[in-house]
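1. predicted model and sequence below, questions to follow.
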Amino acid sequence: MAWNETNIPDLAGKVAVVTGANGGLGLETAKDLAAAGAHVVMAARSQEKAKAAHDEIIAGHPDASLEIVRLDLGSLDSVRAAAAEISEKHPAVDILVNNAGLMAMPERRTEDGFEMQFGVNHLGHWVFTAGLLKSLLAAPAARVVTVTSTAHHTGRALDPENPNLEGNYGPWKAYGQSKLANYHFALGLQQEFEKRDLAAQSLVAHPGLSHTNLQVHTHEQGGAGSSGGFWKWMAANTGMTADRGALPQLRAATDPNAKGGEMYGPRFVNTGHPVRLPILRPGRQKAIGILWDVSEKMTGTTLDFDAATEKV
């Protein structure tokens with residue numbers, strides 16, 4: 001029988017954090033986690049959209065336990081402030097879904113000077129995860145799910161000499177690089193957990209082709225050229241609905257049989273029910289090492305496991 005939201009176990013008493021929970025896949029993820037009884041922290045940049053998403057969830061699930069935290073992944077100050085706020089309120093976090101992202105946009109920079117897609121899709125989540133690490137490791141068996149894309153297959157491993165693609169920018173090239181970084185981050189994080197014999201687990205998921213505002217925004221911004229219109233049409237006419245597209249990350253986050261280091265996505269590449277997928281791409285160990293080094297240097301932030309596991 002195909003896995004769906006009815007297979008999510010009882011999450012009462014658990015705390016889940018979802019980035020980009022104000023719309024699309026993030027909203028559907030927050031909705032289903034809340035429906036299963038989790039207290040969901042909706043981390044999002046637009047507070048107006050987050051409030052509308054909050055109200056939509058409450059309308060369908062009046063007993064849902066929710067809170068909104070402002071998170072702008074394009075600002076490391078905002079990321080650190082959001083992580084600190086969540087950690088103070090929630091000494092233990094059971095689920096973190098690194099969902100938010102940008103796609104194939106014109107060349108831009110974050111507040112900290114990073115290429116926007118790499119900065120938001122990966123570096124922002126790197127710092128956010130680092131900021132929540134103590135709370136994650138305080139939970140009995142936390143799950144960290146990082147959302148990639150089938151576009152990670154088109155991405156090139158990070159060039160440590162030019163992570164911002166200066167003079168070599170392309171909207172889809174940058175997107176592929178950022179989504180490959182998401183993939184390598186999830187796998188590398190699981191290795192760090194295993195190395196220290198920690199109960200926490202890191203998994204990766206991708207939604208296939210889902211009909212959300214991501215394709216609309218890509219087309220409207222014009223950075224992807226004619227292909228932006230093509231993918232907008234494809235998502236609208238052949239893509240899965242957002243609630244179906246969110247199922248792989250929900251399964252990775254909640255299925256008791258899912259394990260760290262695994263990847264979940266649609267059965268038929270871009271469509272279908274969520275299944276475990278093979279971990280592909282040779283040379284990933286070297287790429288993970290480079291990603292770790294570059295992420296630490298660019299953000300000034302390390303995943304400090306010693307501090308996170310230190311007893312007070």
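-> Thanks, I have the structure now. Numbering: from 1, shown residues only.

2. tell me if I am right that residue 289 is in a helix.
-> Yes. Looking at residue 289 with DSSP: H, G, I helix; E, B strand; the rest coil, it is inside a helix.

3. ok, it - how many residues close by?
-> Neighbour count for residue 289, taken as other Cβ atoms under 10 Å: 12. Where C-beta positions appear, they are placed from N, C-alpha and C, glycine not excepted.

4. tell me how far it lies from residue 133.
-> 19 Å (Cβ to Cβ, to the nearest Å).

5. got it, and residue 53?
-> Residue 53 is 26 Å from residue 133, where distance means Cβ to Cβ.

6. do the same with residue 192
-> 10 Å.

7. more neighbours, the two?
-> Neighbour tally, residue 192 and residue 133, criterion other Cβ under 10 Å: the higher count belongs to residue 133, 26 against 16.

8. pull up the per-residue confidence for the more buried one.
-> Listed pLDDT for residue 133 reads 98.

9. what about it, which helix or strand?
-> Assigned by DSSP states H and E, residue 133 belongs to helix 125-138.

10. contacting residues around that helix?
-> Here helix 125-138 makes contact (Cβ atoms under 8 Å, 6 or more residues apart in numbering) with 17, 19, 43, 71, 73, 76, 79-80, 82-84, 86-87, 90-93, 96, 98, 100, 142, 144, 146, 182, 185, 189, 198, 200, 295, 299, 301-305, 307-309.

11. and if you look at stretch 151-165?
-> 109, 113-115, 118, 168, 172-184, 206, 280-281, 283, 286-287, 290-291, 293-294, 298.

12. buried set for it?
-> For stretch 151-165, the neighbour count (16 or more other Cβ atoms under 10 Å) marks 151, 152, 155, 157, 158, 163, 164, 165 as buried.

13. can you check stretch 198-209 too?
-> Within stretch 198-209, judged by 16+ other Cβ under 10 Å, the buried ones are 198, 200, 201, 202, 203, 204, 205, 206, 207, 208, 209.

14. can you put these in JSON lines and add distance to residue 242?
-> Formatted as JSON lines, those follow (distance: Cβ to Cβ, whole Å):
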{"residue": "198", "distance to residue 242": "33"}
{"residue": "200", "distance to residue 242": "28"}
{"residue": "201", "distance to residue 242": "25"}
{"residue": "202", "distance to residue 242": "24"}
{"residue": "203", "distance to residue 242": "20"}
{"residue": "204", "distance to residue 242": "19"}
{"residue": "205", "distance to residue 242": "14"}
{"residue": "206", "distance to residue 242": "14"}
{"residue": "207", "distance to residue 242": "8"}
{"residue": "208", "distance to residue 242": "12"}
{"residue": "209", "distance to residue 242": "11"}
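
15. re earlier: between the buried residues of stretch 151-165, which sits nearest residue 36?
-> Residue 36 has its nearest neighbour among those in residue 152, at 28.3 Å by Cβ to Cβ.

16. before we move on, back to that, can you list the residues that contact whichever helix or strand comes after the helix holding residue 133?
-> Next along the chain after helix 125-138, taking DSSP H and E as the criterion, comes strand 143-147. Strand 143-147 has contacts (Cβ under 8 Å, 6+ apart) with 25, 94-99, 101, 125, 129, 136, 182-183, 185-186, 189, 200-207, 249, 252-254, 258.
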